[in-house]
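*Asks:* Model the structure of this input:
(one chain, ligands or ions: 1)
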Amino acid sequence: MPELPEIETSRRGIEPHLVGYCIVNAVVRQPKLRWPVSAQILSLKDRQVLSVQRRAKYLLIELDGGWIIGHLGMSGSVRVLPEPIAPGKHDHVDFVLSNGKVLRYTDPRRFGAWLWADDLSDCGVLKHLGPEPLSDEFDGEYLFKKSRAKKTQVKPWLMDNKLVVGVGNIYASESLFESRILPTRPAGSLTEAECGILVAEIKRVLSRSIEQGGTTLKDFLQADGKPGYFAQELQVYGRMGEPCRVCGTAIESEKLGQRSSFFCRRCQK
Ligand SMILES: [Zn+2]
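*Replies:* Alright, predicted model coming up:
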């Protein structure tokens, strides 16, 4: 599943090909996605792109007079084609640009979305989202305050978008390992110092992935290649039974809040 680093890498990849140009129109071959493609997108005509932003895992394309809100769902990707080429089976939406290029959305499982908002402040999907993990607002003090008296296990708690956005399953397991905190601990048991370490590790793990993404996906302008999601050097995620890279103890896995969680019982307390 594309996670926050992949979305941010996608944003950086497509931004220079879009900003300052017009979206001439949108070619929607499959409007039945997670939610139906918004009518305003189906009838889009000659709107200039002012910026390409991201909030949580949403791509926000700011146009002259409105916003396109894209979500890549479970299996979606976007790339920029240098010119229109024949679509494949899973190429559901093309945004045709005035520079001759095409922003193409591909999604085998169709859990993505392309929505419209006149104004971001009244956009339902963006309401109630917690702070961005890489923002200054998300710091140890914030996490400590929010964790008081919380009995929820720390890993599913971290993955709640109302607390902080974009800490997906891989990043929650990895940052808890780096912080030496067991994922099963009640959030309320975290000390202020642990909250500071955890926030720093979440930022570091996500930033490193974004950097790697930038080098893995060198060019978003490719006619045939698909921007694949990047393999990373993982400490615990997906490594059940394999030796911990720090102490050699076998990595364990447990389902917490329906999600597989990986940890080293010796390193993490
Ligand atoms: Zn270990």
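*Asks:* quick one: buried residues of the strand or helix carrying S261?
*Replies:* Element membership for S261, per DSSP states H and E: strand 259-263. Buried positions in strand 259-263, judged by neighbour count with 16 or more other Cβ atoms under 10 Å: 261-263. From N, CA and C alone the C-beta is placed, and that goes for glycine too.
*Asks:* got the contact list for it?
*Replies:* For strand 259-263, contacts defined as Cβ atoms under 8 Å, 6 or more residues apart in numbering pick out 155-156, 159, 169, 172-173, 176-177, 182-184, 236-240, 251-255.
*Asks:* List every C-alpha atom in that strand, with coordinates, as PDB.
*Replies:* Coordinates of each C-alpha in strand 259-263 appear next as PDB, following Å, rounded to 0.1, in the frame of the first residue of the first chain:
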ATOM      1  CA  ARG A 259      -2.600  -5.400  12.000                       C
ATOM      2  CA  SER A 260       0.500  -7.600  12.100                       C
ATOM      3  CA  SER A 261       3.000  -6.000  14.400                       C
ATOM      4  CA  PHE A 262       6.700  -7.000  14.600                       C
ATOM      5  CA  PHE A 263       9.000  -6.500  17.500                       C
END
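*Asks:* Listing partners with orientation, what would you give for that strand?
*Replies:* Sheet pairing of strand 259-263 (DSSP bridges) gives strand 252-256 (antiparallel).
*Asks:* Mind giving me the packing neighbours of the host helix or strand of E211?
*Replies:* Under the criterion of DSSP H and E, E211 resides in helix 192-216. For helix 192-216, the elements it packs on are helix 4-18, helix 140-147, helix 169-179, judged by 3 or more Cβ pairs under 8 Å, 6 or more residues apart in numbering; DSSP states H and E.
*Asks:* My guess is W114 contacts G73. True?
*Replies:* No. The criterion here is Cβ atoms under 8 Å, and W114 misses it with G73 at 10.6 Å.
*Asks:* Looking at these two, which one has more neighbours?
*Replies:* Set W114 next to G73 and count neighbours by other Cβ atoms under 10 Å: W114 wins out with 26 against 18.
*Asks:* give me the beta-bridge partners of V93?
*Replies:* Bridge pairing for V93 - DSSP bridges - gives V28, Y105.
*Asks:* where does it land on pLDDT?
*Replies:* Note for V93: predicted pLDDT of 98.
*Asks:* Spell out which residues of the stretch 151-269 of the chain are next to the ion.
*Replies:* Applying Cβ under 5 Å from the ion, one finds that the stretch 151-269 of the chain approaches the ion through 244, 246-247, 249, 264, 266-267.
*Asks:* I'd like to know which of these is nearest to S43.
*Replies:* C264 (53.9 Å; Cβ to Cβ).
*Asks:* Any figure for the gap between that closest one and V154?
*Replies:* Counting by Cβ to Cβ, to the nearest Å, the gap from C264 to V154 is 15 Å.
*Asks:* Contact partners for V19?
*Replies:* Here V19 is in contact with 49-52 (Cβ under 8 Å, 6+ apart).
*Asks:* from memory L44 sits against A26, does it?
*Replies:* Yes. L44 lies in contact with A26 (Cβ under 8 Å); the separation is 4.7 Å.
*Asks:* Need the overlap of contacts for those two.
*Replies:* Shared contacts of L44 and A26 (Cβ under 8 Å, 6+ apart): F95.
*Asks:* ok, the contacts of V19 vs the ion, which is closest?
*Replies:* Distance to the ion, by Cβ to the ion, is smallest for V52 among these, at 40.6 Å.
*Asks:* So which residues of the stretch 1-150 of the chain form strands?
*Replies:* 22-28, 47-55, 58-63, 66-71, 77-81, 91-97, 102-106, 113-117 (DSSP state E, counting those that start in this stretch).
*Asks:* Please name every helix or strand in contact with the first one.
*Replies:* By that I understand strand 22-28. Judged by 3+ Cβ pairs under 8 Å, 6+ apart, strand 22-28 is in contact with helix 39-42, strand 47-55, strand 91-97.
*Asks:* Quick check: which of those is buried the most?
*Replies:* Stretch with highest mean neighbour count among those: strand 91-97 (a mean of 22; mean count of other Cβ atoms under 10 Å).
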